[in-house]
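K.L.:
pasting the sequence and the predicted coordinates here, then a few questions.
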Amino acid sequence: MIYLDHNASSPPRPEVIAAMLATLQRIEGNPSSVHGPGRAARHTLDDARRAVAKWMQIHDNRILFTSGGTEANHLALFGLAEACHFSGRIITSAIEHPSVLKPLEKLQQRGMHVTQLPVDGQGRIDPEALHSALTPDTRLVSIMAANNETGVLQPLAEIGAICRAHPVPWHCDATQWVGKLPLAVDALGVDLLTLSAHKMGGPKGCGALVVTPALSLAPQLLGGGQERGRRSGTENLSGIAGFGALAARLSATMDLESQTMTALQQRLEEGILKTLPDAVILGAGAARLPNTTALTLRRIDGETLVMTLDLAGFAISSGAACSSGKNTPSHVPLAMGLDPETSRSMVRISLGWDTTETAVDAFISAFKRSVDRLRN
Amino acid sequence: MAYNEKVLDHYENPRNVGSLDKGDLQVGTGMVGAPACGDVMKLQIRVNDAGIIDDAKFKTFGCGSAIAASSLVTEWVKGKTIDEALTIKNKDIAEELALPPVKIHCSVLAEDAIKSAVADYRSKQKGA
Amino acid sequence: MIKPIYMDYQATTPVDPRVLKAMLPWFTERFGNPASRSHAYGWEADEAVATARKQVASIIRADPREIVFTSGATESDNLAIWGVAQFYRDKGNHIITPTTEHKAVLDTCRHLEAEGFEVTYLPVATNGLINLAELEAAITPKTILVSVMAVNNEVGVIQPLEAIGQLCRRHKIFFHCDAAQGIGKIPIDVNTMHIDLLSISAHKIYGPKGVGALYVRRQPRVRLKAFMHGGGHERGMRSGTLPTPLLVGLGEACRLSESEMEAENSRLLTLRERLRSGIMNALTHVSLNGDPVVRIAGNLNISFSYVEGESLMMAIKDVAVSSGSACTSASLEPSYVLRAMGVHEEMAHTSIRFGLGRFTTAEEIEHVIRIVVGAVNKLRAMSPLWEMVQEGIDPTTVQWAAH
């Protein structure tokens, strides 16, 4: 089986597994306990926090560990909204992940105003539109770094500059960006940044929110006061240790990994377009992640194609993992102006840290065979 | 909590634990703190005819830092005049033991214990 | 350095090697996202999650469809209390909970108070148990939820769940039970006990940290306002990718706890009673906190008069226990649980919680008795309060200046 669905979840890397096992086997204490075993647990937590901070090139007091990207998004949005007494406006884009769009719906029900910026045919928001959408009562801008389905990158430098000039805090869901392209948090001028470990070879059940210290954020999980009162609950210590190991690894190899992935992506896309000239790559004219390729094909149902490929030994997806299985097309291609039928033909191929040239080549021919079979 | 080495040393090998005769006119006894607050310090000093503190003893109910602070001040006051002893400030104690902010009150208590013991000694001298 | 004897099983437990073994394949070759419906990696992960769900349901006699996975008991408590309060706020705005609950329950209730809810904080008796008549008297037509923990984390006392459940059912009020400390320690049956919502934590039962569950009754149905929104996982009640290895660990931890509970309890009871008598026979002015009988086998909470808890912890540093004086490293407040039980502040400061568990041995117990008795004697020799007692003065009658 060849796995090309890393944007859904990426297999943990060996060093990540080693760090998790060491923690599960050796650490018997609770990081909140004052005795020796508790302090050993606390050291594991602190080391991981430092590794993640070093990788992001920020101070470690800005890293707040969560149970994953969904919780980090929840904390960013509800935490800020609550601190603003649920009044004012939040600006977002039409192609955000459901873990941003759904909380914003709820915040709208609580009386906040939400402006959803459209995207162009390439899947990008227009910075000018953001600029004109900003109102005096805007409390937050929430725009993702890279889309999970198409891999299209948003104009981050422009968004950061606009938000800083206004000024308004910017929350950026970087779940898919991080680990695929280098990211300088401070250069971007982002105030809240969502990270998830399992999309890049880290453990599931672990994520983080990077928070600007001055930002007022109401805690959402209440209790023992962990994470300096901002997120209660005993920490997922093995997951956090794995996240730390991942960060240490990526600090060293990020540039090389993204170069390698870019080459593989080129090979994949050239191969597919050569064998299936009618395939259309979404966001082809925009800057994209080096691992994500979403494409549409005439007279093809994406879901059926994915199933066919599964039988042939290739795991890809027809959209986001959490929404796949539903019959309605994804909101992302629709927002890019595609009609529902074309949108339903979309499939997503996402490469990862363990993808090889051989795997890509094998996939290209299997893809062609499957499409031909479905069309006949 | 990770304790500083000096705290651990004083805690594990406390200097001058014990009691002096509190009825002795040359002995000043200071008892500060409250059980409900988690620490009570008893510091006793004996002042010789030359006005020098020639012995000091303590007993402390409290955390490791409170015990270490008491042990430390018994060492520091010995050989000093009472006026010199009164110049010992909580800041000096906190610095010597590298106390974290949450334990600063232990050094405050130790300074109070010196003051209280000296006051007791002085009142006894006046009464005599 | 000698490895300390771990005797803090109510704070957290080491992962059972059998649990770890069950988790392993889900880290490596079986890494799929259970929400991926289109390939075998997703399907096998989804099956593993289903098995875990059955194992969790089984230990509380629930239906697997009533289990919602969360990041731990804190999230379960928040989701249960906040979710029910928000969903049923048109029906009523009153919640009842004892003063000795975990912070995750109390802080959530306090937060709801700020949003217009009314909360009755029920006192407990000196043995740590709530009084059913007082609970019933606190119920008003506006009461929508009663939240009572199964087992207290500090003193190990077991609340009368079945009677509370019957009372709540009779008054048509939802009953949430934080069972983080009760699972695997006492038999729990959500049906005979009429429990509507129940919080579970994996790391208290030899599973991994960072995972837990909330039981949500289907018949009669309990509805919740979702807390975390997104991909619509867990039937919309809790979004977020399911961490397969952690869930497999939780499931296996529940399976082992369920099958071994009886044998483990009788073993722990013998050890606990040996520890209790070993300490209490050798020292005077020592008292047991919490009901002597209605408590789990693995908990012993003792106050040692005239020594301070944190210094005692330092003196017995080769034994990892927790002190009623400093449950978090930054706080010097005495335990609110002991205070609620009427334990005097000074006695609360001198309390030590001994938590026994699956890997505690008889040798460790003997060793701990020796260390503790020695340390208390040493500290008392150093204590001005002990000196007063020897001179016939009762320190509680002394006028202390508040510091």
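P.N.:
All right, it came through fine.

K.L.:
which one is A:Thr212 nearest to, not counting chain neighbours?
P.N.:
A:Asp191 (4.4 Å; Cβ to Cβ, 6 or more residues apart in numbering or on different chains). C-beta coordinates here come from the backbone N, C-alpha and C atoms, glycine included.

K.L.:
for that neighbour, report the pLDDT, please.
P.N.:
A:Asp191 carries a pLDDT value of 96.

K.L.:
and it, how many residues sit next to it?
P.N.:
Residues contacting A:Asp191 under the criterion other Cβ atoms under 10 Å in any protein chain shown number 25.

K.L.:
what sits against it?
P.N.:
Contact analysis of A:Asp191 by Cβ atoms under 8 Å, 6 or more residues apart in numbering or on different chains lists A:Cys163, A:Pro169, A:Trp170, A:His171, A:Val211, A:Thr212, A:Leu215.

K.L.:
by neighbour count, which of these wins?
P.N.:
Highest count within the contacts of A:Asp191 by other Cβ under 10 Å belongs to A:His171, 28 neighbours.

K.L.:
I'd say it and A:Leu75 touch.
P.N.:
No: applying Cβ atoms under 8 Å, one finds A:His171 not in contact with A:Leu75, separated by 10.0 Å.

K.L.:
only the buried residues of the worst-scoring helix or strand of chain C on mean pLDDT, if you could.
P.N.:
Least confident helix or strand, chain C: helix C:345-349 with a mean of 80, by mean pLDDT, DSSP states H and E. When burial is assessed from 16 or more other Cβ atoms under 10 Å in any protein chain shown, helix C:345-349 yields the following buried residues: C:Glu345, C:Glu346, C:Met347, C:Ala348, C:His349.

K.L.:
of all the residues in the stretch 251-376 of chain A, which one is nearest chain B?
P.N.:
Residue nearest to chain B within the stretch 251-376 of chain A (Cβ to the nearest Cβ): A:Ser251, separated by 27.3 Å.

K.L.:
on that earlier part again, identify the farthest-apart pair in the contacts of A:Asp191.
P.N.:
For these, the farthest-apart pair by Cβ to Cβ is A:Cys163 and A:Val211; their separation is 15.4 Å.

K.L.:
hmm, the longest helix along chain C touching chain A?
P.N.:
Ranked by residue count under DSSP state H, the longest helix found in chain C is helix C:244-282. Yes: applying Cβ under 8 Å from any Cβ of the partner chain, one finds helix C:244-282 in contact with chain A at C:Thr244, C:Pro245, C:Leu246.

K.L.:
now that helix: how far from the chain's centre is it?
P.N.:
14 Å (Cα atoms, centre = their mean, to the nearest Å).

K.L.:
what's it packed up against?
P.N.:
Secondary-structure packing of helix C:244-282 (3 or more Cβ pairs under 8 Å, 6 or more residues apart in numbering or on different chains; DSSP states H and E): helix C:17-27, helix C:40-59, strand C:286-288, strand C:299-304, helix C:362-381.

K.L.:
list the contacts for A:Arg344?
P.N.:
Neighbour list for A:Arg344: A:Asp301, A:Gly302, A:Glu303, A:Pro329 [criterion: Cβ under 8 Å, 6+ apart].

K.L.:
roughly how far apart are the last one and chain C?
P.N.:
Okay, so that is A:Pro329. Distance from A:Pro329 to chain C, counting by Cβ to the nearest Cβ, to the nearest Å: 15 Å.

K.L.:
swap in the second one?
P.N.:
Using Cβ to the nearest Cβ, one gets 9 Å for the distance from A:Gly302 to chain C.

K.L.:
redo the buried residues of helix C:345-349 as JSON lines? Include distance to chain A.
P.N.:
Shown next, in JSON lines, are the buried residues of helix C:345-349 (distance: Cβ to the nearest Cβ, whole Å):
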{"residue": "C:Glu345", "distance to chain A": "20"}
{"residue": "C:Glu346", "distance to chain A": "20"}
{"residue": "C:Met347", "distance to chain A": "20"}
{"residue": "C:Ala348", "distance to chain A": "16"}
{"residue": "C:His349", "distance to chain A": "14"}
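
K.L.:
nearest to chain B among the residues of helix C:244-282 next to chain A?
P.N.:
For the residues of helix C:244-282 next to chain A, the minimum distance to chain B (Cβ to the nearest Cβ) is 29.6 Å, reached by C:Leu246.

K.L.:
report the contact partners of the closest residue to that closest one other than its chain neighbours.
P.N.:
With sequence-adjacent residues excluded and distances taken as Cβ to Cβ, 6+ apart, C:Leu246 is closest to C:Val211, at 3.9 Å. Neighbour list for C:Val211: A:205, A:236, C:69-72, C:202-203, C:243, C:246-247, C:249-250 [criterion: Cβ under 8 Å, 6+ apart].

K.L.:
related to what we said a few turns ago, of the contacts of A:Arg344 - the most surrounded one?
P.N.:
For those, the largest number of neighbours (other Cβ under 10 Å) sits with A:Gly302, at 27 neighbours.

K.L.:
for that residue, give me the pLDDT.
P.N.:
With respect to pLDDT, A:Gly302 scores 92.

K.L.:
report how many residues lie close to residue 71.
P.N.:
In the absence of a named chain, chain A is used. For A:Glu71, the number of neighbouring residues by other Cβ under 10 Å comes to 31.

K.L.:
let me rephrase: I mean chain C.
P.N.:
30.

K.L.:
got it, and C:Arg169?
P.N.:
Burial of C:Arg169 is recorded as 16 neighbouring residues (other Cβ under 10 Å).

K.L.:
and the pLDDT for it?
P.N.:
pLDDT recorded at C:Arg169 is 97.

K.L.:
report pLDDT for the nearest residue to A:Gln57 once chain neighbours are set aside.
P.N.:
Leaving aside its chain neighbours, A:Gln57 sits nearest to A:Ala184 (6.2 Å; criterion: Cβ to Cβ, 6+ apart). Listed pLDDT for A:Ala184 reads 78.

K.L.:
pretty sure A:Ala184 sits against A:Ile58.
P.N.:
No: the criterion here is Cβ under 8 Å, and A:Ala184 misses it with A:Ile58 at 9.4 Å.

K.L.:
more neighbours: the two, which one.
P.N.:
A:Ile58 (17 against 10).

K.L.:
give the contact list for B:Gly64.
P.N.:
Shown in contact with B:Gly64 (Cβ under 8 Å, 6+ apart): B:Tyr3, B:Val7, B:Leu8, B:Tyr11, C:Glu310, C:Ser311, C:Met314.
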